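Chemist: sharing a sequence plus its predicted fold:
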Amino acid sequence: MTITLEITPEVAKIVEARATARGVTLNDYLPPLIAQIAQQEEWAELPPEESLGRLTMLAAEPRLARIWDTTEEDAAWKYLEEDDEEV
């Protein structure tokens, strides 16, 4: 899909600076940004308990990744992969 955006020069500078800071082109930076905005609007329409649950999940994700994304944890769960291969 192709979309044409008309934005002010000030907004263009901000978006270009953020894309550059991330080392990506505007074409690579804008689609995830638009998706994020769309998701925020979707979340705003959710019942409070569901949006709170999603926010809690997202807030916990970095902490859980530090705990679970380790070589020790991978080794501890390796036996599950072996069982899957036998089936």
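Modeler: Arrived safely. Residues are numbered from 1 along each chain as shown.

Chemist: from here on, contacts and neighbour counts on C-alpha atoms
Modeler: Will do.

Chemist: okay, buried residues for the longest helix seen in the chain please.
Modeler: Across the chain, the longest stretch assigned as helix under DSSP state H is helix 48-68. By 16 or more other CA atoms under 10 Å, the buried positions in helix 48-68 come out as residue 51.

Chemist: contacting residues around that helix?
Modeler: Helix 48-68 has contacts (CA atoms under 8 Å, 6 or more residues apart in numbering) with 43-44, 74.

Chemist: try 10 Å this time
Modeler: With contact meaning CA atoms under 10 Å, 6 or more residues apart in numbering, helix 48-68 is reached by 40, 42-46, 73-74.

Chemist: ok now it, how far from the chain's centre?
Modeler: On the basis of CA atoms, centre = their mean, to the nearest Å, helix 48-68 sits 12 Å off its chain's mean C-alpha point.

Chemist: swap in stretch 68-83?
Modeler: How far stretch 68-83 lies from its chain's middle: 24 Å, per CA atoms, centre = their mean.

Chemist: now do that stretch, average pLDDT.
Modeler: Averaged over stretch 68-83, pLDDT sits at 80.

Chemist: any of the contacts of helix 48-68 buried? List them.
Modeler: So, by 16+ other CA under 10 Å, the buried ones in those are residue 43.

Chemist: now residue 63: how far from residue 69?
Modeler: Using CA to CA, to the nearest Å, we find residue 63 at a distance of 10 Å from residue 69.

Chemist: what of residue 27?
Modeler: On the measure of CA to CA, residue 27 and residue 69 end up 31 Å apart.

Chemist: next one: residue 55 from residue 49, what distance?
Modeler: Per CA to CA, residue 55 is found 10 Å from residue 49.

Chemist: and what of residue 56?
Modeler: Going from residue 56 to residue 49 by CA to CA gives 10 Å.
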